[in-house]
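Participant: build me a model:
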Amino acid sequence: MISATQVEPATQPQGVKICAHLAEHGIGATGTVVADQAAVGVGGLILARALEQRADLIVMGAYGRSRVREALLGGTSDQVLTEAKILTLMSH
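Facilitator: Residues are numbered from 1 along each chain as shown. Next up is the predicted model:
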């Protein structure tokens, strides 16, 4: 795990910046750097982590791509929505 005090602000991973922003609003959050998600994809990683932590809810943002690009590349949002075994709240 990486904390904001360990890394210079310009080179901080995005997750550290997000956790710091949430902390400013009284929300405790931690981040984990994951080296390789190629085998399961980002959606599979999110789902596996939620199950591992016995989460009650997945909350995530989503954005759309063209139908052709989505068909060719797949998508994290689609994978989470179709495979999630727990409640999922998604915002576009």
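
Participant: the helix or strand bottoming out on mean pLDDT in the chain: what's the following helix or strand?
Facilitator: One helix or strand of the chain scores below all others by mean pLDDT, DSSP states H and E: helix 67-73, with a mean of 64. Next along the chain after helix 67-73, taking DSSP states H and E as the criterion, comes helix 76-83.

Participant: by contact count, what packs against that next one?
Facilitator: Applying 3 or more Cβ pairs under 8 Å, 6 or more residues apart in numbering; DSSP states H and E, we find helix 76-83 packed against helix 41-52, strand 57-61, strand 87-91. Heads up, the C-betas are built off the backbone N, CA and C, glycines and all.

Participant: rerun at 6 Å
Facilitator: For helix 76-83, the helices and strands in contact under the criterion 3 or more Cβ pairs under 6 Å, 6 or more residues apart in numbering; DSSP states H and E are helix 41-52.

Participant: and for the helix it packs on, what are the contacting residues?
Facilitator: Applying Cβ atoms under 6 Å, 6 or more residues apart in numbering, the set of residues contacting helix 41-52 from outside is 37, 58, 76, 79-80, 83.

Participant: which two among the residues you listed are spaced furthest apart?
Facilitator: Largest separation among these by Cβ to Cβ: 37 and 58, giving 15.9 Å.

Participant: show me the shaky parts of this structure.
Facilitator: For the chain, the stretches with pLDDT under 70 are 1-11, 36-38, 64-65, 67-74.

Participant: one more time with 80, if that's ok
Facilitator: Low-confidence segments of the chain (pLDDT under 80): 1-14, 32-40, 62-74, 92.

Participant: centroid-nearest residue for it?
Facilitator: residue 46 (6.0 Å; Cα atoms, centre = their mean).

Participant: got the domain ranges for this structure?
Facilitator: Listed by automatic domain parsing, the domain ranges of the chain are 1-33, 38-92.

Participant: ok, back up a step: out of residue 37 and residue 58, which sits in the busier spot?
Facilitator: residue 58 (17 against 13; other Cβ atoms under 10 Å).
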